[in-house]
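**Q** I would like to see how this sequence folds:
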Amino acid sequence: MCWYGYEGSGEEMDIPRQDVNSRKIVIHPDLGVFWLSYKAYKRLIELGVAVQKYGTEAHGPVIWDRGASVGVDRYSDNLERDDPLLIKVVEELGEDHLKIVEIPFDVKWHIANYNGEEWVAEDHRVWK
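**A** This next block holds a predicted model:
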């Protein structure tokens, strides 16, 4: 799902529109957990992603301010992995620990993982 209703300074933003034939998705391809650098969160805030106190109800994409000391652990988010601003920031900053995977636009997908190593998988039916 892509969100375009960002709060911001009112300036026109260059939000990348994804190709109608493909979709970009951000994953964490190595062991560990998905995370963004403090610099990436600062850039998302500059681009207009709302910041809310942790634990409040979100309406759209937000960055949660957990109130910890300034650093990577301060923020978390509810951004979709195919969010155009997330894609833009990862491409701009070159977050080396993350990877952008491109899939056909019409594929129903989810992010699967093992020990934190993520990949994009096509949805399918499972019976047990």
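**Q** for the most centrally placed residue in the chain, what are its contacts?
**A** Geometric centre of the chain, nearest residue: Arg81, 3.9 Å, by C-alpha atoms, centre = their mean. Arg81 sits next to Ile25, Val26, Ile27, Ile111 when contact means C-beta atoms under 8 Å, 6 or more residues apart in numbering. Using the backbone N, CA and C atoms, a C-beta is placed for each residue, glycine as well.
**Q** in three-state terms, label the last one for me.
**A** Taking DSSP: H, G, I helix; E, B strand; the rest coil as the rule, one finds Ile111 in the strand state.
**Q** where exactly do the helices run in this protein?
**A** Under the criterion DSSP state H, the chain contains helices at 38-46, 84-93.
**Q** please identify the most buried of those.
**A** With neighbours taken as mean count of other C-beta atoms under 10 Å, those reach their highest mean count in helix 84-93, at a mean of 19.
**Q** packing partners of it?
**A** Applying 3 or more C-beta pairs under 8 Å, 6 or more residues apart in numbering; DSSP states H and E, we find helix 84-93 packed against strand 22-27, helix 38-46, strand 99-104.
**Q** now the last one: buried residues?
**A** Within strand 99-104, the residues that qualify as buried by neighbour count (16 or more other C-beta atoms under 10 Å) are Lys99, Val101.
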